[in-house]
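> When you get a sec, could you give me coordinates for this:
(chains A and B)
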Amino acid sequence: MSGVGLGLAVFAGMLALMAIRMPIGVAMLVAGAGGFAYIAGWIPLIAQLKSSAYYLFSSYSLTVIPLFLLMGQFATKSGLSRGLFGAANAWLGHRPGDIAMAAIGGCGLFGAICGSSLATAATMGQVALPELKRYNYSGALSTGALAAGGTLGILIPPSVILVIYAILTEQNIAKMFLAAFIPGILAALGYMLAIAVYVRLYPEEGPAGPEHPLSEKLHSLIDIWPALLIFVLVIGGIYTGAFTPTEAAAFGAVATGLLAAVKEGMGWQGLKECLLGAAGASAMIFLILFGAEFFNSFLALTRMPDTLADLIGGSGLSPLLVLAAMLVLYLLLGCVMDSLSMILLTIPIFFPIIMALDFGLTPEGTAIWFGILALIVVEVGLITPPVGMNVFIINSMARDVPMLESFRGVLPFLISDGVRVVLLIAFPPITLWLVRFLG
Amino acid sequence: MTSDTLEPYAAPTDPVGAALRFLSVAFAVFGGLLLSAGAVMTVVSVTGRYLFSTPIPGDIELVELGAGAAIAAFLPYCQITGSNVIVDFFTGAMAPRARARLDAVHGLVFAFCAGLVAWRMTLGGMDAYLNNDETMVLGAPIWISFVVMVPAFGLLCLVCLHGSAVRVIHGAPPPEAAS
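Numbering: from 1, shown residues only, chains lettered A, B, ... in the order given. Model (predicted):
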């Protein structure tokens, strides 16, 4: 069997295992190790198993992931979310839909110290849902805004998925984070615009909140400076090269941990909850990374990624068409799969193809631009049916809202996502400008 | 970030399950403390580097050794709480009993993988010990990470086996108490 044929067959087998509920990391491990042994023999595989877990788990570039997750856990217990929502509310206040907009703003600000969508949605939901209810916002708009706002957690740096993309494709993490910045802010503004349009069409669903005097506006800023300081320390540190990403994440974890302990009186029980939360999320990611390591070394042996890249690169297909096909595939996969697994499964195959096509950008520019686009599109999977984890988690917090209502409420934000993706594809400088300007 | 996760089983009522749960939590908390200690040490080292030009020597190596052990120590907890990611879309309409059987089979596969890694890493750790494999700056022996990682993979193997047994005996995992 040719390399490509074998690669495709094992790939299909792995997808079949996933479809019958095998944990994704285990399916990748079994398929990858099996395929590897088929080509290279069992002896090298057995020898590799002696130390592969050690080298993967203790790889310095990956230590940033559990540290960012720990930082996110502490951030959820730091009480910052209240202040961030309050400030967004004070400054955006007194127009139709303002409280839903404040929820988006709060999510964006919280996303700057938390690299995970679910944690952002859940934390901001706890603070914002009662307020939205108090001002008679409809269940659809309330839960939709928070579910969509949660995706800002991963788009606005720090972002665990961007770290993994950067490592997979050997890109600079600082530049990836910079590139995500403007698309992230655009996302927040786009979501607010979606709310503004929505409440114009259905005014009863999102009435205006109270007016906030200037003194309250200024006072609210006091609550957000710790978050801003941590953001500047972490992201600024990575960007200026003062810190490695791991060092920055360590600073972030210690700072948010201290904040939770001092400001909110987090004790041993709270610490234990944070440690267990970070443990579960880290293990979930590293099991998939472990499987992906074996699967990717198998793929490399088959030479399937290179062959496909040559084939598609030389086929004369329009680069934009290929890109669009990949993004549509992400949307479809996103209906059934989580974002990290999608990135780990597809990037080893898609990335060489993208790099073989000419988008009129530098190779580095193409790599960064594609990473941001892929990130946005896989995150859309978190708010689309049938499996929209962000919608599930927010809906479970607002028990009186039917699930269908929540998915209806997400619609305006999906339209906003679609418009933004088209803009980012049409104008790569939106993504790359900041990287060029500061890089 | 997860899509669907394995159906968790409640804090197990059988003594074996309770013991495995206790051990998994203990491993995860220990790993978390190790990770936190790595974070604090890194902050001290970086502060020392910038303020007093005296970083902690070999700080990167210590983080690596600690993180390697910590991540492995997290794995059993993730499995016993049912937090590993699965695709639930195509099997959603199946009877709970059939789903539980599938999960039991996958549990056995996972147990086999974890057991295999535990066995191979025992040998890998012994190699590292006999060859005196050390980190570059501190000369710290790398087998100390294996001392945590091997039992962690062993525990993961037992957790998977127990999960499969529970699913076969009870037909379906009892739903976890709302947390």
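> longest helix anywhere in the chain?
No chain specified, so I'll use chain A. Longest helix in chain A by number of residues (criterion: DSSP state H): helix A:268-302.
> wait, chain B
Longest helix in chain B by number of residues, with DSSP H as the criterion: helix B:15-51.
> Pull out the buried residues from it.
B:17, B:20-21, B:23-25, B:27-36, B:38-39, B:41-43, B:45-46 (16 or more other C-beta atoms under 10 Å in any protein chain shown). In this view, the C-beta of every residue, glycine as well, is placed from N, C-alpha and C.
> cool, and stretch A:294-302?
Neighbour counts over stretch A:294-302 (16+ other C-beta under 10 Å) mark A:294, A:295, A:296, A:297, A:298, A:299, A:301, A:302 as buried.
> Are it and chain B in contact anywhere?
No. Stretch A:294-302 does not reach chain B (C-beta under 8 Å from any C-beta of the partner chain); its nearest approach is 10.1 Å.
> centroid residue for the chain?
I'll assume chain A. When C-alpha atoms, centre = their mean is applied to chain A, the residue found nearest the centroid is residue A:154 (3.2 Å).
> right idea, wrong chain: chain B
residue B:75 (1.7 Å).
> Do I have it right that that residue meets residue B:156?
Yes. Between residue B:75 and residue B:156 there is a contact under C-beta atoms under 8 Å: 4.8 Å.
> shared neighbours of those two, which are they?
Residues touching both residue B:75 and residue B:156 (C-beta atoms under 8 Å, 6 or more residues apart in numbering or on different chains): residue B:114.
> tell me, how many neighbours does the residue in the stretch 251-400 of chain A positioned nearest to chain B end up with?
Going by C-beta to the nearest C-beta, chain B is nearest to residue A:275 of the stretch 251-400 of chain A, at 2.9 Å. Neighbour count for residue A:275, taken as other C-beta atoms under 10 Å in any protein chain shown: 26.
> Residue B:24 versus that one, what's the distance?
Going from residue A:275 to residue B:24 by C-beta to C-beta, to the nearest Å gives 13 Å.
> now residue A:138
Between residue A:138 and residue B:24 the computed distance is 42 Å (C-beta to C-beta).
> got it, and residue A:81?
Using C-beta to C-beta, residue A:81 is found at 30 Å from residue B:24.
> Over to residue A:307?
43 Å.
> repeat for residue A:211
Counting by C-beta to C-beta, the gap from residue A:211 to residue B:24 is 52 Å.
> Tell me what angle whichever strand or helix holds residue B:160 forms with helix B:15-51.
With elements taken from DSSP states H and E, the one containing residue B:160 is helix B:143-170. In terms of direction (axes from the mean of the first three to the mean of the last three C-alpha atoms, to 10 degrees), helix B:143-170 departs from helix B:15-51 by 150 degrees.
> for residue B:142, what are its contacts?
By C-beta under 8 Å, 6+ apart, residue B:142 lies in contact with A:54, B:65, B:128, B:133, B:134, B:135.
> Quick one: the helices in the stretch 301-439 of chain A, in order.
Using DSSP state H, counting those that start in this stretch, the helices found in the stretch 301-439 of chain A span residues A:304-313, A:319-334, A:339-356, A:363-380, A:389-397, A:403-426, A:429-438.
> Give me every residue in the stretch 101-250 of chain A lying close to chain B.
Listed as neighbours of chain B in the stretch 101-250 of chain A under the rule C-beta under 8 Å from any C-beta: A:116, A:117, A:118, A:154, A:160, A:161, A:242, A:243, A:246, A:247, A:249, A:250.
> pLDDT and distance to residue A:431 for those residues - can I get that in a markdown table?
Shown next, in a markdown table, are those (pLDDT from 0 to 100; distance: C-beta to C-beta, whole Å):
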| residue | pLDDT | distance to residue A:431 |
| --- | --- | --- |
| A:116 | 82 | 22 |
| A:117 | 85 | 20 |
| A:118 | 83 | 25 |
| A:154 | 86 | 16 |
| A:160 | 87 | 19 |
| A:161 | 90 | 16 |
| A:242 | 87 | 24 |
| A:243 | 89 | 24 |
| A:246 | 92 | 25 |
| A:247 | 93 | 26 |
| A:249 | 92 | 24 |
| A:250 | 94 | 28 |
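> which two from those end up farthest apart in space?
Maximum pairwise distance in these, criterion C-beta to C-beta, is 30.1 Å, between A:118 and A:242.
> Just want to know which of these two has more residues nearby.
A count of neighbours by other C-beta under 10 Å puts residue A:118 above the other of residue A:118 and residue A:242, at 22 against 14.
> hang on, isn't that one packed against residue A:388?
No. Judged on C-beta under 8 Å, residue A:118 makes no contact with residue A:388 at a distance of 11.2 Å.
> Skipping adjacent residues, who's closest to residue A:103 in space?
residue A:128 (4.1 Å; C-beta to C-beta, 6 or more residues apart in numbering or on different chains).
> which residues does residue 76 contact?
You didn't say which chain, so I picked chain A. With contact taken as C-beta under 8 Å, 6+ apart, residue A:76 is in contact with A:114, A:119, A:122, A:123.
> Not quite, go with chain B.
By C-beta under 8 Å, 6+ apart, residue B:76 lies in contact with B:20, B:23, B:24, B:27, B:28, B:152, B:155, B:156, B:159.
> Count the neighbours of residue B:52 for me.
For residue B:52, the neighbour count with other C-beta under 10 Å is 8.
> Residue A:207 now?
Using other C-beta under 10 Å: residue A:207 sits among 15 other residues.
> Give me the local confidence score for the residue lying farthest from the centre of chain B.
In chain B, residue B:52 marks the outermost C-alpha relative to the chain mean, sitting 37.6 Å out by C-alpha atoms, centre = their mean. Looking at residue B:52, its pLDDT reads 86.
> before we move on, what about the one 5 residues further on?
The pLDDT attached to residue B:57 in the predicted structure is 85.
> I'd assumed residue B:138 was in contact with it.
Yes. Between residue B:57 and residue B:138 there is a contact at 6.6 Å, judged by C-beta under 8 Å.
> between the two, which one's more packed in?
Set residue B:57 next to residue B:138 and count neighbours by other C-beta under 10 Å: residue B:138 wins out with 15 against 11.
> Can you verify my assumption that that one contacts residue B:63?
No. Using C-beta under 8 Å as the test, residue B:138 is too far from residue B:63 to be in contact (11.8 Å).
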